[in-house]
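>>> fold the following for me, if possible:
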Amino acid sequence: MEKPSLILLITIACWLLGLPSAFAQEKISLAGEWQLQLDPNDKGLMADWWKPNHNFNDRVKLPGSLTTNGKGNAVTLATPWMGEIIDSSYFFADRYRKYRQDPIKIPFWLKPDKYYAGPAWYKREIELPADWAKKRITLNLERCHWKTMVYVNGQFCGTRNSLVAPHQFDLSKQLKPGKNTIIIRVDNSYIVNVGNNAHSVADHTQTNWNGLIGDLSFNVGELTYLEDVQIHPKLSTSSIEVAVSLHQPRRQSFKGSLILQAKSNTGEITTYPQLKVLVNFSDEITEQTATYAIPNAQLWDEFAPNLYELTARLVDEQGQEVSAKKVPFGIREITTTGTRLAINGRPIFLRGDVDCAAFPLTGYPPTTEGPWEKIMKTAKEYGLNHLRFHSWCPPEAAFAVADRLGMYLHIESPLWANQVSGVGTGGVVDDFIYDESERIIKQYGNHPSFCLMAYGNEPGGANQNDFLGRWVDHFKQKDARRLYTSGAGWPTIPENQFHDAPNARIQRWGEGLNSIINIGIPRTDFDWRDITKKAGSIPYVSHEIGQWCAYPNFKEIPKYTGVLKPTNFEIFRDMLNESGMGDQANDFLNSSGRLQTLCYKADIEAALRTPGFAGFQLLGLHDFPGQGTALVGALDVFGESKGYTTPEEYRTFSNPTVLLARMEKLIYQNNETVQAALEIAHFGTEELKNQTIDWQLLNTAGKVVQRGSFTKDKIAIDNCQTVGTAQIPLSGFKKPEMLTLKVAFEGTEQAANPVTNSWNIWVYPANVNPDVAVGKAVVTNSLTSEVVKQLENGANVLLLPYGHVKRGKGAEVAIGFSSIFWNTSYTNNQPPHTLGLVCDPKHPLFATFPTEMSSNYQWHDIVMHSQTIILNDFQKSLRPLIQPIDDWFESRRLSLAFEAKVGRGKLMVCSVDLDTDIDDRPSARQLKYSLLNYMNSKKFNPVEEVTLDKIEQLFQKESTLDQLTKK
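The predicted model follows:
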């Protein structure tokens, strides 16, 4: 048995003798079992539930929520959700009928095990030690949802209303040594109109939970104390300015000293000399400032997140410590230089993700560092250096991890004041914005990771510009440790220190099929300079770029072991199975995921090609579970890979140093020459010198078919730095091929983080004439009586019905090259309605049309000149050869090409325009050539039999059978 320590023996002796101890308890945790009573009718205040003798009828464990404790009501059709449901069809459509039966399933977000909105009362008895008498005792409730009222021994102690900072109460007058009863009323009703979609409160993501999480404790100290310490780095003088708030009881005076001492917490520990400042104050609240020198300060940024800790001690004239605080900080300045953001004077480029508070296991954010470390390390693995917190503010642990890892954080007060709310009305909402913003800055302002701030997301209100302009000016003057913008998304007003704006992206809200990714031709030479010029000298960060969907990953369903269940995924899986395509789920996921990755690459590279650009914020790296279900991430809602891309792939186009190629097109004929203007975007720690940039053209076997290199004497910290133009003649390619242009810094390919990037290009023979391949096939745009006779007599018929597909049979499906934007449920069915294509690249149809299983740019022209055909009325065994992946809310079996036996004949139906301007559309021309070659081969032997009348029902014309009858 080990001997008891001296400290333990002294502590026990002091306790037994009733003597004061240097090791007296300073904190009592309130974690554990509490009594509970729900108050759905809000009668508890009038019924005196705050009195200690009132009996509570249930029990919960805190920290936690009602839902994590299994408390609340079953979810029903009448559940009063917090959050906008755009598509109301769930409540009346036949396809959802069975999901409206108890227990219901919902498609628009994850379903909580229980739901409760309203007041809930939590009660506990606590024993306080005798030596806490005549001390300052505070109650700390780290994160509450939402409004709290506290009663101690039947006395009302105050109320707090914050979604961003701890709820703290001074209970010195109400608590006494011995047994005390504490009762906390928590109300998660809609207290302030922050916007019912704000991620601080909505069921879309973290849920409208009721409870208390994080640190729950009583803390003891002296009545005279350090209330707050704020640290303002001054790089020009290698020092920090320390602002201290001192508190004491009324009608008292204090003389003593404020002692400051800093130490480094990164690398070799260095302790700096003490600074002693004499203090003499008689007011209740006194502000004191001091300048503390830190010679040879190690600066904080994404590459070197050097951290310090300041100890501030208040001592009396006898040298006895009265109060102390330890405050972590970093030494950095964020400023603007031209249209760039700069850390410590060096330009940076924000590569960010948007965090929308999705935590499916708990339904509320983590308050410990482990989960945040996983989130932020994963973001860095994918080449990101920045996180934006959309209409919410994370707990302390998130800032601490970001400080350690070097992540730049954009924080918002908890509002999305739009739709049902607005700013600038002079009412409660405006006051709440200021109050919450002040609380955020006071609570988290010392963290070097806290670099950017906005009022919240996408505001509404006729007077928003004036109100938010004054908000920006107020906080610029109050605290210059970060940069401020009016709102995420808008408005772009002159007061902004940076704009967070939505125009610089390849798909803007409402553009549908007219976006740059869907219209025109595939290319890599566009950028956003015309957009950013309008911003003048204010840095421009692109708002919520991406929003590209992948198909649901049904293998994810077993991960939901917490309070939220994926009934949306279960509904979508049922629909897919009912359509006879359940076995294609994984193909749909992987194919749509590859297209999603291609779209994100295009979005990010356009930003990196734009001169003077400040950065981007993705929406998102991981899925968003609400707003109809927005599966926009390479990662699932748990922050884990869905399998179709890797961090290594993402870092080729999202990293401190990225190689780029401007090409005016990606589809070529073999009588052309590729002109690839290579350039570099470099935002590393320092300039680079004497770099060799190699380029290679590879075939699908990985063989290098052409190569070259350029030498760059100096690479500055900037983008749009030209390297040279790779000129690649294609005359040597006699057959259609998919090629890869790969560029890399010489000697880095085997490094842990290589500087390399690549793009696919396609080359087709210029002299291909599809008509030569017609052979014995009958090519027609409609089933005339003559064609029908030929088909009945055993002909091979190619039917090209583009432009004639009926509504209800596919014409209403807006097919696009890109994937679905956000989702169709929340965007009023905004096009496109498809998630790319799936096909079998080994099928003989594609013998002379190189393709992968998923969409790539060679399909762009083909898809944008096509109509889908819905095959739901045919046997489930009839599978398309070229299959668009349908919206998961519909799960229609879509086709651009399918084959079937019709009587004695063989029919290929291809609803792509393979006629118009075919000589100027190399991909479409080559597909037609390959398709006809296949039809004239012995391999063209459809298995599925269909009747002619079913085929004819697909198209807008008088049926051929009717024509024959009339004759």
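>>> residues making contact with stretch 577-595?
548-555, 573, 576, 634, 642-645, 818-819, 835-838, 852-856, 872, 876-877, 885, 891-893 (CB atoms under 8 Å, 6 or more residues apart in numbering). In this view, the C-beta of every residue, glycine as well, is placed from N, C-alpha and C.
>>> the residues you listed in strands, which ones?
835-838, 885 (DSSP state E).
>>> among the residues you listed, who's most crowded?
Neighbour counts for those peak at residue 836, which has 32 neighbours (criterion: other CB atoms under 10 Å).
>>> now the helix ranked longest in the chain - C-alpha only, CSV.
Assignment by DSSP state H gives helix 585-608 as the longest helix of the chain. Taking C-alpha atoms only, helix 585-608 is exported to CSV below (Å, rounded to 0.1, in the frame of the first residue of the first chain):
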residue,chain,number,x,y,z
ALA,A,585,-27.0,2.2,-54.5
ASN,A,586,-23.2,1.9,-54.2
ASP,A,587,-22.7,2.6,-57.9
PHE,A,588,-24.9,5.7,-57.6
LEU,A,589,-22.9,6.8,-54.5
ASN,A,590,-19.5,6.4,-56.1
SER,A,591,-20.4,7.8,-59.5
SER,A,592,-22.2,10.9,-58.1
GLY,A,593,-19.3,11.3,-55.7
ARG,A,594,-16.8,11.4,-58.5
LEU,A,595,-18.8,14.1,-60.2
GLN,A,596,-19.2,15.9,-56.9
THR,A,597,-15.4,15.9,-56.5
LEU,A,598,-14.9,17.2,-60.1
CYS,A,599,-17.4,20.1,-59.4
TYR,A,600,-15.6,21.0,-56.1
LYS,A,601,-12.3,21.0,-57.9
ALA,A,602,-13.7,23.4,-60.6
ASP,A,603,-15.1,25.7,-57.9
ILE,A,604,-11.9,25.8,-55.9
GLU,A,605,-9.5,26.2,-58.8
ALA,A,606,-11.6,29.1,-60.2
ALA,A,607,-11.0,30.9,-56.9
LEU,A,608,-7.3,30.2,-57.0
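>>> ok, residue 421 touching residue 193?
Yes. Counting by CB atoms under 8 Å, residue 421 does reach residue 193; the two are 4.6 Å apart.
>>> which SSE is residue 354 in?
Following DSSP states H and E, one finds residue 354 within strand 350-355.
>>> then that strand to PDB, C-alphas only?
Extracted in PDB, the C-alpha atoms of strand 350-355 (Å, rounded to 0.1, in the frame of the first residue of the first chain):
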ATOM      1  CA  LEU A 350      -8.600  31.200 -46.800                       C
ATOM      2  CA  ARG A 351      -9.400  27.600 -47.800                       C
ATOM      3  CA  GLY A 352     -12.400  27.100 -45.600                       C
ATOM      4  CA  ASP A 353     -15.300  24.900 -44.700                       C
ATOM      5  CA  VAL A 354     -18.700  25.900 -43.200                       C
ATOM      6  CA  ASP A 355     -19.600  24.300 -39.900                       C
END
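>>> report the buried residues of the next helix or strand after it.
Downstream of strand 350-355, the next assigned helix or strand under DSSP H and E is helix 369-381. Neighbour counts over helix 369-381 (16 or more other CB atoms under 10 Å) mark 371-373, 375-376, 378-380 as buried.
>>> want to try a markdown table for the ones in strands among the contacts of stretch 577-595, with distance to residue 39 as columns?
Output for the ones in strands among the contacts of stretch 577-595, formatted as a markdown table (distance: CB to CB, whole Å):
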| residue | distance to residue 39 |
| --- | --- |
| 835 | 46 |
| 836 | 51 |
| 837 | 55 |
| 838 | 53 |
| 885 | 48 |
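>>> can you list the weak-confidence ranges in the chain?
Scanning the chain for pLDDT under 70 picks out 1-24, 958-967.
>>> circling back to that earlier point, ok, the helix or strand following the longest helix of the chain: who's next to it in the sheet?
Once helix 585-608 ends, the next helix or strand along the chain (criterion: DSSP H and E) is strand 615-619. In the sheet containing strand 615-619, its partner strands are strand 350-355 (parallel), strand 540-546 (parallel), by DSSP bridges.
>>> pretty sure residue 721 sits in a strand.
Yes. Assignment of residue 721 by DSSP: H, G, I helix; E, B strand; the rest coil places it within a strand.
>>> list the contacts of it.
679-682, 712, 715.
>>> mind redoing it with 6 Å?
By CB atoms under 6 Å, 6 or more residues apart in numbering, the residues touching residue 721 are 679-680.
>>> would you check how far apart it and residue 809 are?
52 Å (CB to CB, to the nearest Å).
>>> over to residue 174?
Relative to residue 809, and taking CB to CB, residue 174 is found at 73 Å.
>>> which of the helices or strands spans residue 214?
strand 211-221.
>>> other SSEs contacting that strand?
strand 27-29, strand 136-145 (3 or more CB pairs under 6 Å, 6 or more residues apart in numbering; DSSP states H and E).
>>> outside of it itself, list whatever touches it.
Identification of contacts with strand 211-221 by CB under 6 Å, 6+ apart yields 26-31, 62-66, 132, 135-138, 140-144, 323, 364, 367, 395.
>>> and that strand, which strands flank it?
strand 27-29 (antiparallel), strand 64-65 (antiparallel), strand 136-145 (antiparallel).
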